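Visitor: Pasted the sequence and its predicted model underneath.
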Amino acid sequence: MRVALTAALPGLPGTDYELNYSDEAPGLYSLQSASAQGTRLHLLDAGALPSYTPSLPSEDLAQLELTGPPLVLLIASIHSGVLTLNLMAPIILNTVTGAGAQVILDGDYPLRAAFTDC
């Protein structure tokens with residue numbers, strides 16, 4: 001699926017990406033930059049974490065012109081050998097149009113939550 005972000009992700013080039021679903025690991029995605037080969041993020045569908053139920057900012061949701069529920073994705077990374085998830089700044093996608101945005105949530109959400117703690 002082609003993704004057009006409303007703004008570039010911090011430290012990454014461009015706003016055009018390709019979202020790919022992993023058939024081998026349900027709920028896992030990769031987000032590949034269209035302009036910079038080798039720039040890729042690994043993402044986890046937030047739906048895989050039943051306890052993660054943030055209130056998404058209405059102004060960000062309006063910007064994506066949603067007609068249904070968004071796909072909420074969490075950036076996954078390895079820090080000191082531990083798989084972590086960014087619960088503070090999920091990527092929200094309109095699965096119909098491909099519009100997306102990274103949003104900063106209000107509340108006590110960690111930037112690097114150990115996957116085993118989620």
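Guide: Perfect, thanks for sending it.
Visitor: tally of neighbours for residue 76?
Guide: Neighbours of residue 76 under the rule other CB atoms under 10 Å: 16. In this view, the C-beta of every residue, glycine as well, is placed from N, C-alpha and C.
Visitor: did I read that right, it in a strand?
Guide: Yes: under DSSP: H, G, I helix; E, B strand; the rest coil, residue 76 falls within a strand.
Visitor: separation between residue 40 and residue 59?
Guide: Between residue 40 and residue 59 the distance, using CB to CB, to the nearest Å, works out to 29 Å.
Visitor: between those two, which one's more packed in?
Guide: When neighbours are counted by other CB under 10 Å, residue 40 and residue 59 differ, and residue 40 comes out ahead with 15 against 8.
Visitor: shouldn't that one be in contact with residue 32?
Guide: Yes: the pair residue 40 / residue 32 is scored as a contact, 4.8 Å apart, by CB atoms under 8 Å.
Visitor: Look up phi and psi at residue 54.
Guide: Comment: the main-chain dihedrals of residue 54 come out as phi -70, psi 160, following degrees, to the nearest 10.
Visitor: excluding its backbone neighbours, what's nearest it?
Guide: residue 105 (5.0 Å; CB to CB, 6 or more residues apart in numbering).
Visitor: Also residue 46?
Guide: With sequence-adjacent residues excluded and distances taken as CB to CB, 6+ apart, residue 46 is closest to residue 72, at 4.0 Å.
Visitor: What is the burial count for the one you found?
Guide: Neighbours of residue 72 under the rule other CB under 10 Å: 20.
Visitor: Does it lie in a helix or a strand, and which?
Guide: Under DSSP states H and E, the secondary-structure element containing residue 72 is strand 71-79.
Visitor: Let's test this: mean pLDDT of that strand, rounded?
Guide: The average pLDDT for strand 71-79 rounds to 96.
Visitor: And the contacts of that strand?
Guide: Under the contact criterion CB atoms under 8 Å, 6 or more residues apart in numbering, strand 71-79 has outside partners 28-29, 31, 41-47, 49, 52, 56, 83-87, 89-93, 95, 112, 115.
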